[in-house]
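Chemist: here is the input, now give the coordinates:
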Amino acid sequence: MAADSEPESEVFEITDFTTASEWERFISKVEEVLNDWKLIGISSGKPLEKGVYTTGAWEEKSDEISFADFKFSITHHYLVQEPSDKDGKEELVEDALPLPVQDLLCMNNDFPPRAHCLVRWYGLREFVVIAPAANNDAVLSESKCNLLLSSISIALGNTGCQVPLFVQIHHKWRRMYVGECQGPGVRTDFEMVHLRKVPNQYTHLSGLLDIFKSKIGCPLTPLPPVSMAIRLTYVLQDWQQYFWPQQPPDIDALVGGEVGGLEFGKLPFGACEDPISELHLATTWPHLTEGIIVDNDVYSDLDPLQAPQWSVRVRKADNPQCLLGDFLTEFFKLCRRKESTDEILGRSAFEEEGKEVADITHALSKLTEPAPVPIHKLSVTNMVHSAKKKIRKRRGVDESPLNNEVLNTILLFLFPDAADKLADGFESRTSTSAGNNPPPENEDYNLFSQFKSAPSDSLTYKLALCLCMINFYHGGVKGVAHLWQEFVLEMRYRWENNYLIPGLANGPPDLRCCLLHQKLQMLNCCIERKKARDEGKRGSMSDCSPGGTSGDTGKGADHSGENPDKDKEVGKSWESWSDSEEEFFECLSDTEDLKGNGQENGKKGGAKEGNKEPVNLKPEGRLHPHGKLTLLHPGEPLYIPITQEPAPMTEDLLEEQSEVLAKLGTSAEGAHLRARMQSACLLSDMESFKAANPGCCLEDFVRWYSPRDYIEEEVVDEKGNVVIKGELSARMKIPSNMWVEAWETAKPVPARRQKRLFDDTREAEKVLHYLAVQKPADLARHLLPCIIHAAVLKVKEEEALEDISSVKKIIKQIISHSSKVLRFPNPEDKKLEEIIAQIMSVEAIIARARSLKAKFGVEKCENEEEKEDLQRFVNCLLEQPEVSVIGAGRGPAGSIIHKLFVNAQRVSAVPPLDEELRRSGSSEERRLNMGAVSDFPPPTGREVILRTTVPRPAPYSKPLPQRMYSVLTKEDFRLAGAFSADTTFF
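Modeler: The predicted model follows:
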């Protein structure tokens, strides 16, 4: 046993030196990723076109690797290019330089305005970066940096990858990278220097050339010429000669004429501060050879006015304050408030309304007193003043959120008919406030149906704008509650005094609009019906003989006064017209109103025998003869009856009705009850038809009411003559048919003596109660679609003046997005915020366009060609990261930019600033202040690219590309060098 155990112990003591270390595993993982991404072998591609780094699409893909427990992210950045057609030829050249090494000398994409920093520094189209995965991790020690550099060098050598591989070292904010690229017989090292303080000898070109040459260490005595690309960037921050024209509106003014001024019914627009904070001018010398220019610590030939290329970019102010955006945001905040109107203003203003104006609004007097309708001397404005006095009994005058002047202006804007304060105000108002003209048919006007808001000329739309204005300038939520309270008082006053509400289309509620608009339309329908009844009573007072009872006479003679064809009806005894006083009170009285119903249109038919009504009744409630049809049995002309209009309904009432009908279930009894409920209008029309056509039958009614349910066909009778025979359709012959039941139930009662289908009194009170209990938050929810609608129209109007293509696209997106969100009730707050943010972004773009147009004097330019060029230049500045100036400093845009800098320099040279200039002065400043260059401040940034092709490291080595990029700013100095060496002949 002992002998057996001895060899086992020896086996466990053996150390296996072939086990991979963490370092080797890391290298293996890097190689694996490079293989997975297919970055192995010769890289191929077309020569780079000019500007492709900016206009082309860049993509990246990432993976995660780890060195022991330290995690790294490895990312491949590359420019998307079409596959090259020359792949076969390129593969034949075995010792060709790797593509990235060739790109070092390419001058087509120097200083790209929008690219990865390594693209700007080295001009690469493709590279791989290994960086610590966590933002707070960093590779700081030199030994770790060297270890990583060794790792990527081995990985590149093992795989034959020709894509440059970089490692990020130090803290991430420093953007420090070291890297390597390998090819057949060549290796390029990417090195970097980053300093906070700039050594004086490197602030000019001659010093940079010295360091470049010393780094190359070329042994050749006549050194090959160094190619240079130089860019100086100047920043204009002070627009002393140009004042931003957009002033904040005068809050005390009711109507402002200035830009963005306050005007009821219009939303303000524009930025309150300059949305363009800085202008960056880059003057570029794209291709210079060493020795052509002088740039040292005492003199420089680099005059920006002489630079062959100018390019400009603008820096936008972060979230500039814009009026329209502020209005929308503040109004949207109302939606989150929870207080009721009573809580905001104190006890309700509606409690004492009935008591104090009982002499005007007492409901019972309208039923019992025969007195003529009183013509009030009060105008709406005076009525509102009396309401305000009542409110102020509970609330001091000083506490009132809205002062009289503002309130009167708003009320006159909302109710233009309220301006009539004369004694004949009643007649003038009733004739002028009967609704709007036919709406204009255009895309902008019809936006309300997409947004479910309200037409742009409607009262609801105007109310939304006024509440938005009040919320922002006059008392916030208290002002909103106050105005709403006054508005509801006005609605009740108009209902009680038969004044139609202006700014609402005639007819039933428009279900394409918001619910609040529908409610106001419903109230208008009620006022119209009530007004018709009251006018009928007035007419009867003058036309009727004094014998009848006063109350009944007022109602009964109503139709005789309105319809001259029915004079005989006046003599009929009132008792036979109605079974009860209650039923009579609910009769419709206005025949002129009834004539407007849409039922007579398209209701035609044929003839058929059927059950006959007794013919000893006098015909009543005729509108006019049909013209074509006659009754089947008596053969008399068929008369179209005066019918009741179906009750108008808002969408919430329709929803309630559908819920009630759905709750009846699917049983036979439920279905029968549902049919009975839905046939109230049918029964009313049948009764009217019977009254107008004594002796008629169901077939006569069907021929007029539903022609498709009366089928006619030609048949040959006994004598051989062709005659037309008609009969009811199959659905009308079903036993217990609802139409047959209703016809048998219906009595010959004219419309004026039927029970009203539409109880305008009850519906009006329901609407007024609905309005009175609305909280400011509910109101804001109802009207937000109108505000967004108004904002979109305002943005479209402002964009039309500027004609910016990108803004047109965004507006289309806003309309599309809004129509999807606002179409449904209770949209999510997040989606509403997105719409408001989109509108704010458009406002900022238009404000920037106006700022740039003013700065570049586009409108003042007299030459049409130059004006078009400047307009195009301004539009490009808005849409592109950097725009080339045609003609550089000598073109129209260049000369304007030059003047902007000259004016800024003159202002900065005034005596109070002399000390500051001396304090910050340097040799660079003194040098640039000489001659014409003094028109410009010292450059904020100096970028230099030096390139050459020299044999390295030995004179007999292959000539290879060398490149160094330098950037110098006020607090930053960076050198990024790519130095190639021959690995075959060294």
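Chemist: what are the ranges of the strands in the stretch 851-986 of the chain?
Modeler: In the stretch 851-986 of the chain, strands defined by DSSP state E, counting those that start in this stretch lie at 883-885, 941-951, 959-969, 972-982, listed in chain order.
Chemist: right, I mislabeled it, should have said the stretch 1-150 of the chain
Modeler: Counting by DSSP E, counting those that start in this stretch, one finds strands in the stretch 1-150 of the chain at the ranges 58-67, 70-79, 126-132.
Chemist: using CSV, lay out the ones you listed together with mean pLDDT, distance to Met649 and mean neighbour count.
Modeler: Where C-beta positions appear, they are placed from N, C-alpha and C, glycine not excepted. Formatted as CSV, these follow (pLDDT from 0 to 100; distance: least, C-beta to C-beta, whole Å; neighbours: other C-beta atoms under 10 Å):
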stretch, mean pLDDT, distance to Met649, mean neighbour count
strand 58-67, 92, 57, 14
strand 70-79, 93, 62, 18
strand 126-132, 93, 66, 22
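Chemist: please identify which of the ones you listed is closest to Gly217.
Modeler: Smallest distance to Gly217 across the strands of the stretch 1-150 of the chain (C-beta to C-beta): 25.7 Å, for strand 126-132.
Chemist: to Pro98, which of the strands of the stretch 1-150 of the chain lies closest?
Modeler: That would be strand 126-132 among the strands of the stretch 1-150 of the chain, by C-beta to C-beta, at 10.3 Å.
Chemist: and the angle from that closest one to strand 58-67?
Modeler: With axes from the mean of the first three to the mean of the last three C-alpha atoms, to 10 degrees defining the directions, strand 126-132 sits at 40 degrees from strand 58-67.
Chemist: now do strand 126-132: which elements does it pack against?
Modeler: Counting contacts by 3 or more C-beta pairs under 8 Å, 6 or more residues apart in numbering; DSSP states H and E, strand 126-132 is packed against strand 70-79, helix 99-103, strand 165-169.
Chemist: now distance to Glu273 and mean neighbour count too, for the strands of the stretch 851-986 of the chain, in a markdown table please.
Modeler: Formatted as a markdown table, the strands of the stretch 851-986 of the chain follow (distance: least, C-beta to C-beta, whole Å; neighbours: other C-beta atoms under 10 Å):
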| stretch | distance to Glu273 | mean neighbour count |
| --- | --- | --- |
| strand 883-885 | 23 | 20 |
| strand 941-951 | 26 | 21 |
| strand 959-969 | 26 | 21 |
| strand 972-982 | 29 | 21 |
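Chemist: so can I have JSON lines of the ones you listed showing distance to Pro825 and mean pLDDT?
Modeler: Compiled in JSON lines, those are given as follows (distance: least, C-beta to C-beta, whole Å; pLDDT from 0 to 100):
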{"stretch": "strand 883-885", "distance to Pro825": "47", "mean pLDDT": "89"}
{"stretch": "strand 941-951", "distance to Pro825": "55", "mean pLDDT": "93"}
{"stretch": "strand 959-969", "distance to Pro825": "56", "mean pLDDT": "93"}
{"stretch": "strand 972-982", "distance to Pro825": "56", "mean pLDDT": "93"}
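Chemist: in TSV: those strands, plus distance to Val226.
Modeler: As requested, the strands of the stretch 851-986 of the chain are exported to TSV (distance: least, C-beta to C-beta, whole Å):
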stretch	distance to Val226
strand 883-885	26
strand 941-951	5
strand 959-969	9
strand 972-982	13
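Chemist: out of these, the one nearest Pro508 is which?
Modeler: Of all the strands of the stretch 851-986 of the chain, it is strand 883-885 that lies closest to Pro508, at 56.3 Å by C-beta to C-beta.
Chemist: among the strands of the stretch 1-150 of the chain, which is nearest Trp23?
Modeler: Checking those against Trp23 by C-beta to C-beta gives strand 58-67 as the closest, at 7.5 Å.
Chemist: the closest one pairs with which strands, and in what direction?
Modeler: Sheet partners assigned to strand 58-67 using DSSP bridges are listed as strand 70-79 (antiparallel).
Chemist: sorry, back to before: distance to Gln321 for the strands of the stretch 1-150 of the chain - can I get that in JSON lines?
Modeler: Output for the strands of the stretch 1-150 of the chain, formatted as JSON lines (distance: least, C-beta to C-beta, whole Å):
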{"stretch": "strand 58-67", "distance to Gln321": "34"}
{"stretch": "strand 70-79", "distance to Gln321": "38"}
{"stretch": "strand 126-132", "distance to Gln321": "39"}
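Chemist: out of those strands, which comes closest to Trp739?
Modeler: Judged by C-beta to C-beta, the one of the strands of the stretch 1-150 of the chain that comes nearest to Trp739 is strand 58-67, at 70.7 Å.
Chemist: what does that closest one rub up against?
Modeler: Under the criterion C-beta atoms under 8 Å, 6 or more residues apart in numbering, residues 22-23, 26, 29-30, 33, 36-37, 71-80, 115-116, 130, 133, 148 lie in contact with strand 58-67.
Chemist: 7 Å - rerun?
Modeler: 22, 26, 29-30, 33, 37, 71-80, 133 (C-beta atoms under 7 Å, 6 or more residues apart in numbering).
Chemist: low-scoring stretches of the stretch 451-600 of the chain, by residue?
Modeler: The model of the stretch 451-600 of the chain has pLDDT under 70 over residues 536-600.
Chemist: which residue ranges of it form strands?
Modeler: Applying DSSP E, counting those that start in this stretch to the stretch 451-600 of the chain gives no strands.
Chemist: for the helix of greatest length in the chain, packing partners?
Modeler: When the chain is parsed with DSSP state H, its longest helix is helix 515-543. Counting contacts by 3 or more C-beta pairs under 7 Å, 6 or more residues apart in numbering; DSSP states H and E, helix 515-543 packs against helix 459-473, helix 476-496, helix 550-562, helix 591-595, helix 651-663, helix 760-772, helix 776-802.
Chemist: so what's the gap between the longest one and the chain middle?
Modeler: Going back to what we said before, that points to helix 776-802. Counting by C-alpha atoms, centre = their mean, to the nearest Å, helix 776-802 is centred 9 Å from the centre of its parent chain.
Chemist: same check on the first one?
Modeler: Centroid separation between helix 459-473 and its chain, computed with C-alpha atoms, centre = their mean, is 19 Å.
Chemist: what residues does it touch?
Modeler: Residues outside helix 459-473 that contact it (C-beta under 7 Å, 6+ apart): 251, 262, 264-265, 267, 326-327, 330-331, 334, 402, 410, 413-414, 454-455, 479-480, 483, 487, 501-504, 514, 516-517, 520, 779, 783, 786-787, 790.
Chemist: many thanks, have a good one.
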